[in-house]
Structures are given as structure tokens and as C-alpha cells.
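[1] Return atomic coordinates for the entry below.
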Amino acid sequence: MDLRVGGEFVVHFDDGEMRGRITQLQSSRTLAYSWHEGQLGESHVRWELKDQPDGGTTVHLTHVRLRTESATGFAAGWHHHLERLDGVLLDGSREWNAERFHVLMSMYGQGTHSSADT
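    Predicted coordinates for the structure are as follows:
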């Protein structure tokens with residue numbers, strides 16, 4: 001990864017790849033980049049880390065300019081990635097759970113997501 005504003009990178013998935021270009025980078029606080037995945041067009045992702053008074057950190061993820069037909073998949077995918085963040089940080093586990101992803105796809109597709117589902 002070319003870790004600078006304007007730097008390009010590629011993320012490989014089982015079914016394709018995503019190409020991005022970094023649009024904003026603030027050390028240890030903000031990372032924003034374009035997201036271009038084949039025929040889906042280009043969208044934009046922004047991660048922000050904010051310190052909390054209790055010593056913790058809040059992660060804010062924003063993904064904008066999504067096509068309507070791909071929004072459910074992105075919502076479910078990001079949701080599942082964020083659920084898995086604890087495991088990655090605590091013990092390095094990175095396993096993707098396809099069954100959980102499909103449950104989330106169904107929830108977001110039906111508009112039934114709530115904070116109680118996480």
C-alpha cells in the first residue's frame with residue numbers, strides 16, 4: 001500500500017478486487033479513500049478514530065456514493081467486518097463467517113437492522 005494522499009492500493013477478494021486511492025490521511029486518526037470495484041462505479045470510504053473520556057476509542061465508518069443495488073451488501077459486509085474487529089485485535093482471528101454475512105444481508109435487505117442485532 002502506498003500510504004500517502006494520492007497513494008493507490010488493491011484489495012483482493014475471493015470474487016474480485018477493489019482498487020482505491022487515498023484521499024485523506026491523518027496519522028492515527030483518519031483514513032479516507034475512493035473505492036472502485038468493477039462495474040459498481042466509484043464510492044468513498046472514510047474511517048475516523050476518536051478518543052473517548054474512558055480511555056477507549058470510537059471507530060466511525062462512512063461509505064458514501066453507493067449505488068442503490070449494492071448498498072445492502074456493503075452494509076452487511078462492513079457490519080460483519082466491524083463485528084470481527086475485536087477478534088482481530090485480541091487474538092488475530094480473521095475468519096469470515098458467510099452464514100453471519102447472509103443473516104446481515106437479509107436484515108439490511110428487509111430494513112430490520114437495529115443496534116440490538118449487533
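[2] Could you double-check that residue 82 sits in contact with residue 58?
    No: using Cβ atoms under 8 Å, residue 82 is not in contact with residue 58; the gap is 11.5 Å. Bear in mind the C-beta positions are built from the backbone N, C-alpha and C, glycine included.
[3] Of those two, give the one with the bigger neighbour count.
    residue 82 (12 against 9; other Cβ atoms under 10 Å).
[4] Tell me if the more buried one really is in a helix.
    Yes: counting by DSSP: H, G, I helix; E, B strand; the rest coil, residue 82 is found in a helix.
[5] ok, now which ones touch it?
    Applying Cβ atoms under 8 Å, 6 or more residues apart in numbering to residue 82 gives the contacts 59, 61.
[6] Can you give me the pLDDT of it?
    pLDDT recorded at residue 82 is 92.
[7] what's the spacing between it and residue 63?
    12 Å (Cβ to Cβ, to the nearest Å).
[8] does residue 96 sit in a helix, a strand or a coil?
    Following three-state DSSP, residue 96 is assigned to coil.
[9] Ok, the one 10 residues further on next?
    When states are read from three-state DSSP, the local structure at residue 106 comes out as helix.
[10] Next, count neighbours for it.
    Residue 106 sits with 13 neighbouring residues when counted by other Cβ under 10 Å.
[11] Now do the strands in the protein.
    Assigned by DSSP state E, the chain shows strands spanning 8-13, 16-26, 30-36, 42-51, 57-64.
[12] Restricting to C-alpha, output the shortest one in CSV.
    Taking Å, rounded to 0.1, in the frame of the first residue of the first chain, the C-alpha atoms of strand 8-13 are listed here in CSV:
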residue,chain,number,x,y,z
GLU,A,8,-3.1,3.7,-4.7
PHE,A,9,-3.8,0.2,-3.4
VAL,A,10,-5.6,-3.0,-4.3
VAL,A,11,-7.7,-5.3,-2.0
HIS,A,12,-8.2,-8.8,-3.3
PHE,A,13,-11.4,-10.7,-2.5
